[in-house]
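**Student:** Give me a model of this one.
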Amino acid sequence: MDGLARARLARAAAGLNRRRDTPLPSLVFLTDDERTPDPLNAVYALPQGSLVILRARQALRRVALVNAITPVAKERRLVWLVADDPELASRAGADGAHFPEARMEEAHRWRARRTHWLITCAAHSLGACARIARTGADAAFLAPIFATTSHAQSRALGSMRLRAIARQSPLPVYALGGIDDVTAQRLRDANLAGLAAVGALAV
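**Tutor:** Numbers count the residues shown, from 1 in each chain. All right, here's what the predicted structure looks like:
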(Lines give C-alpha, C1' and ligand atoms only; values in the text may rest on other atoms or scores of the structure.)
Protein backbone atom coordinates (compact mmCIF):
# COMPACT_ATOMS: atom_id res chain seq x y z
CA MET A 1 0.00 0.00 0.00
CA ASP A 2 1.23 3.49 -0.79
CA GLY A 3 2.19 6.06 1.79
CA LEU A 4 -0.94 8.19 1.31
CA ALA A 5 -3.23 5.22 1.95
CA ARG A 6 -1.26 4.28 5.06
CA ALA A 7 -1.54 7.86 6.31
CA ARG A 8 -5.32 7.81 5.78
CA LEU A 9 -5.55 4.57 7.73
CA ALA A 10 -3.48 6.04 10.57
CA ARG A 11 -5.75 9.11 10.72
CA ALA A 12 -8.86 6.95 10.80
CA ALA A 13 -7.40 4.86 13.63
CA ALA A 14 -6.47 7.97 15.62
CA GLY A 15 -9.99 9.35 15.24
CA LEU A 16 -11.53 6.18 16.63
CA ASN A 17 -9.03 6.11 19.48
CA ARG A 18 -9.89 9.64 20.59
CA ARG A 19 -13.57 8.83 20.77
CA ARG A 20 -12.79 5.81 22.93
CA ASP A 21 -10.75 8.04 25.25
CA THR A 22 -8.18 5.32 25.88
CA PRO A 23 -4.39 5.57 26.20
CA LEU A 24 -3.91 2.49 24.03
CA PRO A 25 -2.06 2.93 20.70
CA SER A 26 -4.55 3.59 17.91
CA LEU A 27 -2.72 1.92 15.01
CA VAL A 28 -1.45 -1.67 15.10
CA PHE A 29 0.74 -3.53 12.64
CA LEU A 30 0.91 -7.32 12.88
CA THR A 31 3.71 -9.20 11.17
CA ASP A 32 2.85 -12.25 9.08
CA ASP A 33 5.11 -15.06 7.86
CA GLU A 34 3.71 -15.01 4.33
CA ARG A 35 2.51 -11.47 3.71
CA THR A 36 5.30 -9.58 5.47
CA PRO A 37 8.36 -11.85 5.39
CA ASP A 38 10.59 -8.78 5.85
CA PRO A 39 8.57 -6.33 7.95
CA LEU A 40 11.33 -3.86 8.77
CA ASN A 41 10.33 -1.25 6.18
CA ALA A 42 6.74 -1.41 7.37
CA VAL A 43 7.85 -0.90 10.97
CA TYR A 44 9.99 2.08 9.96
CA ALA A 45 6.98 3.63 8.21
CA LEU A 46 4.68 3.49 11.24
CA PRO A 47 3.82 6.70 13.08
CA GLN A 48 5.49 7.10 16.44
CA GLY A 49 3.49 5.54 19.23
CA SER A 50 2.03 2.79 17.04
CA LEU A 51 1.84 -0.81 18.23
CA VAL A 52 3.68 -3.70 16.57
CA ILE A 53 2.77 -7.33 17.28
CA LEU A 54 5.49 -9.78 16.27
CA ARG A 55 3.96 -13.03 15.06
CA ALA A 56 5.72 -16.11 13.70
CA ARG A 57 4.88 -19.80 13.77
CA GLN A 58 8.42 -20.98 14.46
CA ALA A 59 10.38 -20.06 17.58
CA LEU A 60 13.57 -19.26 15.67
CA ARG A 61 11.66 -16.91 13.41
CA ARG A 62 10.19 -15.13 16.43
CA VAL A 63 13.66 -14.65 17.91
CA ALA A 64 14.92 -13.27 14.59
CA LEU A 65 12.01 -10.82 14.43
CA VAL A 66 12.68 -9.64 17.97
CA ASN A 67 16.37 -9.11 17.25
CA ALA A 68 15.64 -7.18 14.05
CA ILE A 69 12.76 -5.05 15.22
CA THR A 70 13.70 -4.17 18.81
CA PRO A 71 16.19 -1.43 17.87
CA VAL A 72 13.80 -0.03 15.26
CA ALA A 73 10.95 0.04 17.77
CA LYS A 74 13.10 1.92 20.25
CA GLU A 75 14.26 4.38 17.60
CA ARG A 76 10.72 4.98 16.34
CA ARG A 77 9.22 5.02 19.87
CA LEU A 78 6.88 2.16 19.05
CA VAL A 79 5.13 -0.17 21.45
CA TRP A 80 5.86 -3.80 20.65
CA LEU A 81 4.48 -7.15 21.79
CA VAL A 82 5.43 -10.74 21.08
CA ALA A 83 2.57 -13.01 20.06
CA ASP A 84 2.12 -16.51 21.47
CA ASP A 85 5.46 -16.48 23.32
CA PRO A 86 5.34 -14.55 26.62
CA GLU A 87 8.62 -16.09 27.76
CA LEU A 88 10.42 -14.56 24.77
CA ALA A 89 8.63 -11.27 25.37
CA SER A 90 9.90 -11.26 28.93
CA ARG A 91 13.49 -12.12 28.00
CA ALA A 92 13.60 -9.56 25.21
CA GLY A 93 12.18 -6.69 27.25
CA ALA A 94 9.07 -6.31 25.11
CA ASP A 95 6.26 -3.99 26.16
CA GLY A 96 3.95 -6.96 26.55
CA ALA A 97 2.46 -10.05 24.98
CA HIS A 98 -0.38 -11.05 22.69
CA PHE A 99 -2.25 -14.33 23.11
CA PRO A 100 -4.43 -16.30 20.69
CA GLU A 101 -7.99 -16.86 21.85
CA ALA A 102 -7.23 -20.49 22.70
CA ARG A 103 -4.52 -19.40 25.17
CA MET A 104 -6.31 -16.43 26.71
CA GLU A 105 -6.26 -17.95 30.21
CA GLU A 106 -2.48 -17.54 30.26
CA ALA A 107 -2.99 -13.79 30.18
CA HIS A 108 -4.18 -13.90 33.79
CA ARG A 109 -0.93 -15.49 35.00
CA TRP A 110 1.22 -13.06 33.05
CA ARG A 111 -0.78 -10.07 34.24
CA ALA A 112 0.12 -11.05 37.81
CA ARG A 113 3.79 -11.41 36.88
CA ARG A 114 4.11 -8.35 34.64
CA THR A 115 1.74 -5.70 35.94
CA HIS A 116 3.25 -3.04 33.69
CA TRP A 117 2.80 -5.03 30.47
CA LEU A 118 0.33 -4.32 27.70
CA ILE A 119 -1.49 -7.64 27.28
CA THR A 120 -3.87 -8.34 24.41
CA CYS A 121 -5.76 -11.37 23.13
CA ALA A 122 -7.43 -12.42 19.90
CA ALA A 123 -11.21 -12.75 19.93
CA HIS A 124 -13.92 -13.80 17.50
CA SER A 125 -17.08 -13.09 19.51
CA LEU A 126 -18.57 -11.04 22.33
CA GLY A 127 -18.31 -14.04 24.63
CA ALA A 128 -14.59 -14.25 23.99
CA CYS A 129 -14.21 -10.55 24.77
CA ALA A 130 -15.97 -11.09 28.11
CA ARG A 131 -13.71 -14.00 28.99
CA ILE A 132 -10.62 -12.03 27.99
CA ALA A 133 -11.68 -9.16 30.24
CA ARG A 134 -11.73 -11.51 33.22
CA THR A 135 -8.06 -12.40 32.62
CA GLY A 136 -6.99 -8.80 33.22
CA ALA A 137 -5.92 -8.25 29.61
CA ASP A 138 -5.98 -4.70 28.28
CA ALA A 139 -7.66 -5.18 24.91
CA ALA A 140 -9.09 -7.70 22.45
CA PHE A 141 -8.41 -7.96 18.73
CA LEU A 142 -11.73 -8.86 17.12
CA ALA A 143 -11.44 -10.61 13.76
CA PRO A 144 -12.13 -11.00 10.96
CA ILE A 145 -14.20 -7.87 10.41
CA PHE A 146 -14.07 -7.91 6.62
CA ALA A 147 -13.07 -10.57 4.11
CA THR A 148 -9.36 -11.26 4.18
CA THR A 149 -7.06 -13.63 2.32
CA SER A 150 -5.37 -14.74 5.55
CA HIS A 151 -8.68 -16.17 6.84
CA ALA A 152 -10.45 -16.95 3.60
CA GLN A 153 -12.54 -19.72 5.20
CA SER A 154 -13.71 -17.58 8.12
CA ARG A 155 -16.99 -15.72 7.98
CA ALA A 156 -16.48 -11.98 8.31
CA LEU A 157 -18.26 -10.32 11.22
CA GLY A 158 -19.02 -7.16 9.26
CA SER A 159 -19.22 -3.58 10.49
CA MET A 160 -22.68 -3.90 12.11
CA ARG A 161 -21.70 -6.91 14.20
CA LEU A 162 -18.42 -5.25 15.12
CA ARG A 163 -20.27 -2.19 16.40
CA ALA A 164 -22.56 -4.31 18.52
CA ILE A 165 -19.72 -6.30 20.06
CA ALA A 166 -17.52 -3.25 20.66
CA ARG A 167 -20.41 -1.43 22.33
CA GLN A 168 -21.05 -4.31 24.73
CA SER A 169 -17.47 -5.47 25.26
CA PRO A 170 -16.15 -4.94 28.81
CA LEU A 171 -12.69 -4.12 27.45
CA PRO A 172 -11.39 -2.07 24.49
CA VAL A 173 -11.62 -3.69 21.06
CA TYR A 174 -9.41 -3.38 17.99
CA ALA A 175 -10.79 -4.21 14.55
CA LEU A 176 -8.68 -6.68 12.55
CA GLY A 177 -9.19 -8.44 9.24
CA GLY A 178 -9.63 -6.72 5.90
CA ILE A 179 -8.84 -3.33 7.42
CA ASP A 180 -7.46 -0.71 5.06
CA ASP A 181 -7.96 2.99 4.39
CA VAL A 182 -11.20 2.27 2.49
CA THR A 183 -12.88 -0.17 4.88
CA ALA A 184 -11.81 2.01 7.82
CA GLN A 185 -14.31 4.64 6.63
CA ARG A 186 -17.11 2.17 7.36
CA LEU A 187 -16.06 2.12 11.02
CA ARG A 188 -15.90 5.84 11.70
CA ASP A 189 -18.57 5.81 14.40
CA ALA A 190 -17.58 2.47 15.97
CA ASN A 191 -16.58 2.34 19.64
CA LEU A 192 -13.04 1.05 19.07
CA ALA A 193 -9.59 1.42 20.59
CA GLY A 194 -8.16 1.49 17.08
CA LEU A 195 -7.45 -0.41 13.89
CA ALA A 196 -5.09 -3.30 13.22
CA ALA A 197 -3.78 -4.45 9.87
CA VAL A 198 -1.17 -6.56 8.08
CA GLY A 199 -1.23 -5.95 4.35
CA ALA A 200 -2.57 -2.40 4.55
CA LEU A 201 0.52 -1.33 6.51
CA ALA A 202 3.05 -3.35 4.52
CA VAL A 203 5.69 -1.47 2.53
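**Student:** Starting from the lowest-mean-pLDDT helix or strand in the chain, tell me the next helix or strand along the chain.
**Tutor:** Least confident helix or strand of the chain, by mean pLDDT, DSSP states H and E, is helix 3-20 with a mean of 89. The helix or strand immediately downstream of helix 3-20 is strand 27-30, counting by DSSP states H and E.
**Student:** Rounded mean pLDDT for that next one, please.
**Tutor:** Averaged across strand 27-30, pLDDT comes to 98.
**Student:** Over to stretch 196-203?
**Tutor:** 95.
**Student:** residues making contact with it?
**Tutor:** Stretch 196-203 is contacted by residues 1, 5-6, 9, 27-32, 35-36, 39, 41-42, 44-46, 53, 141, 149-150, 174-176, 179-181 when judged by CB atoms under 8 Å, 6 or more residues apart in numbering. Every C-beta, even on glycine, is put in place using the N, C-alpha and C of the backbone.
**Student:** do the same with stretch 56-67
**Tutor:** Residues outside stretch 56-67 that contact it (CB under 8 Å, 6+ apart) are Thr31, Asp33, Pro39, Leu54, Arg55, Val82, Ala83, Asp85, Leu88, Ala92, Ala94.
**Student:** Could you tell me which residues within the least confident helix or strand of the chain count as buried?
**Tutor:** Buried residues in helix 3-20, counted by 16 or more other CB atoms under 10 Å: Arg6, Arg8, Leu9, Ala10, Ala12, Ala13, Ala14, Gly15, Leu16, Asn17, Arg20.
**Student:** try stretch 156-172
**Tutor:** In stretch 156-172, counting by 16+ other CB under 10 Å, buried: Ala156, Leu157, Ser159, Leu162, Arg163, Ile165, Ala166, Ser169, Leu171, Pro172.
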